[in-house]
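K.L.:
Coordinates for the following, if possible.
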Amino acid sequence: MLKNIGMTYDDVWLVDGLRTGFADYNSTLREISPTDLGIKVARAAMARSGIAPAEIDMVVAGNMAQSSFDAYFLPRHIGLYSGVPADVPALLVHRLCGTGFETIIQAADAITLGKAERVLCVGTESMSRNPVAAYTHRSGFKMGQVEFKDFLWEATKDTAPGLGMGDTAENLARKYNLSREEVDAFAAESFARAQNSAEFRAGEIVAVENETFTCDGYNDRSIRLPRGVKSFSADEHVRPTPIEVLRDLKPAFKGVQTGGNSSAVVDGAAGAVVAAGKVVRDKGLKPLGRVVAAALVGVPPEIMGIGPAPAIRAVLERAGLTLADIDRFEINEAFGAQYLAVEKDLGLDRAKANVNGGAIALGHPLGTTGVRLCITVARELRRAGLKRGIASACIGGGQGVAILIEV
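P.N.:
Numbers count the residues shown, from 1 in each chain. Below is the predicted model:
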């Protein structure tokens with residue numbers, strides 16, 4: 001067996017889920033705390049699932065960058081202000097770009113171990129609210145050494161190999177002989193697919209509006225959109241993007257990657273309810289799909305983007321399936337060259353992958369993406385009348401994750 005950690009699940013179900021639209025960096029959602037975005041999708045996911053807040057046994061929330069002063073309390077506040085009883089515990093998980101996946105895995109594991117039957121899973125991220133920070137000034141400022149840095153930029157640099165995430169994609173471009181033209185063509189295809197799937201994507205988006213969240217005995221929380229905006233339900237980065245436009249962009253990392261063929265920087269949240277089969281049957285629910293198996297792998301940090309390839313192989317091995325048994329793939333497009341390297345490594349049929357567009361067009365809100373991909377692949381299987389799908393992503397620092405879902 002390929003070296004990995006993971007599990008197969010007999011009777012664990014992704015009941016339902018929703019997400020916000022994804023807003024461009026420093027745009028419509030720029031002032032909203034990821035906690036409040038998380039509360040919004042949590043409430044919406046539970047309402048759609050048919051499992052009430054009072055029935056939830058466990059809250060698992062994922063978030064990467066602390067982007068509010070009360071960030072320590074993010075999972076707890078999401079639970080409390082979405083109506084989950086105060087005696088239900090909450091957990092924060094962080095696996096870089098695999099964080100959203102980890103919420104689903106933690107839920108499935110807890111159900112399998114008999115620790116819970118109904119789990120609320122939320123991934124939420126505000127890229128716009130990443131701080132400008134200093135880590136060495138607690139004891140004062142030394143002459144000439146006052147140093148504040150942009151956390152959003154600095155955090156994408158892996159100090160072990162001394163590379164930014166974009167540089168690791170360039171390593172894959174060289175390793176797999178990927179040209180700028182190939183990468184731009186793939187990006188143009190991602191944008192085109194996203195444009196053509198607007199109606200499909202609308203089915204997984206809950207509108208964000210000005211709203212106050214109350215919790216008896218505690219201070220109110222709220223969402224306040226920019227002046228003049230009454231409702232937000234769009235993926236703002238999706239736009240006509242022909243290859244001629246992409247060709248004119250300057251490289252961002254001294255190679256094939258540009259701002260146009262890399263994942264968009266966006267804000268957004270996604271929520272889902274995962275439950276035991278007994279709950280689904282007793283309540284007569286119609287779940288999105290069954291969580292069949294999950295796998296996590298490690299890969300060299302300098303080629304972190306190849307992570308989905310061994311992770312997908314590992315989850316297939318756990319489930320006793322082959323690549324040909326999978327009808328749809330949702331693989332996070334962290335970078336165009338990164339996705340194409342995975343495609344080449346696996347020999348993947350692109351007609352089965354990211355058929356409604358990927359993160360180059362939609363965006364990659366780091367802690368949110370995994371929940372979004374699991375919801376999307378299950379919905380796509382149902383839309384197309386197919387059976388099995390895999391959601392997968394590379395993970396900064398050198399990991400990969402894959403979750404197999406069956407409808």
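K.L.:
How about L172: what's its closest non-neighbour residue?
P.N.:
In space, L172 comes closest to A341 once its chain neighbours are excluded; the distance is 4.0 Å by CB to CB, 6 or more residues apart in numbering. (Glycine included, C-beta is placed from N, CA and C.)
K.L.:
Could you check which helix or strand contains that neighbour?
P.N.:
When elements are defined using DSSP states H and E, A341 is found to belong to helix 336-346.
K.L.:
Check R379 too.
P.N.:
When secondary structure is defined by DSSP H and E, R379 falls within helix 369-384.
K.L.:
Tell me which residues of that helix come out buried.
P.N.:
Using 16 or more other CB atoms under 10 Å as the test for burial, helix 369-384 gives 369-381.
K.L.:
Same question for stretch 216-231.
P.N.:
For stretch 216-231, the neighbour count (16+ other CB under 10 Å) marks R221, I223, L225 as buried.
K.L.:
what residues does that stretch touch?
P.N.:
Judged by CB atoms under 8 Å, 6 or more residues apart in numbering, the contacts made with stretch 216-231 from elsewhere in the structure are 28, 30-32, 35-37, 39-40, 77, 80-81, 207-215, 232.
K.L.:
returning to what we had before: how about the buried residues of stretch 216-231 in TSV, adding distance to Q106?
P.N.:
Conversion of these to TSV gives the following (distance: CB to CB, whole Å):
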residue	distance to Q106
R221	24
I223	26
L225	31
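K.L.:
Would you mind listing the residues in contact with the closest residue to A361 other than its chain neighbours?
P.N.:
Leaving aside its sequence neighbours, A361 sits nearest to A194 (CB to CB, 6+ apart; 3.7 Å). Listed by CB under 8 Å, 6+ apart, the contact partners of A194 are R201, D235, V238, N356, G357, G358, A361, L362.
K.L.:
hmm, back to that, in strands, which of the buried residues of stretch 216-231 appear?
P.N.:
R221, I223 (DSSP state E).
K.L.:
ok, so of the buried residues of stretch 216-231, who is nearest F329?
P.N.:
Relative to F329, the closest of those is I223; by CB to CB it sits at 33.5 Å.
K.L.:
bridging residues for the closest one?
P.N.:
When bridges are called by DSSP bridges, I223 pairs up with E211.
K.L.:
what separates it from A47, distance-wise?
P.N.:
Computed with CB to CB, to the nearest Å, the distance linking I223 and A47 is 16 Å.
K.L.:
likewise A188?
P.N.:
Summarising the geometry, the distance separating A188 from A47, computed by CB to CB, is 37 Å.
K.L.:
More neighbours: which of the two?
P.N.:
Under the neighbour definition other CB atoms under 10 Å, A188 and A47 were set side by side, and A188 has more, 23 against 17.
K.L.:
I'd like the average pLDDT over the host helix or strand of that one.
P.N.:
Assigned by DSSP H and E, A188 belongs to helix 180-196. Average pLDDT, helix 180-196: 98.
K.L.:
Could you quantify the relative orientation of it and helix 336-346 as an angle?
P.N.:
100 degrees (axes from the mean of the first three to the mean of the last three CA atoms, to 10 degrees).
K.L.:
Which positions within helix 180-196 qualify as buried?
P.N.:
Using 16+ other CB under 10 Å as the burial criterion, the residues of helix 180-196 that qualify are 180, 182-194.
K.L.:
Stretch 114-121 too?
P.N.:
In stretch 114-121, counting by 16+ other CB under 10 Å, buried: A116, E117, R118, V119, L120, C121.
K.L.:
Same check on stretch 278-285?
P.N.:
Using 16+ other CB under 10 Å as the test for burial, stretch 278-285 gives V279, V280, L285.
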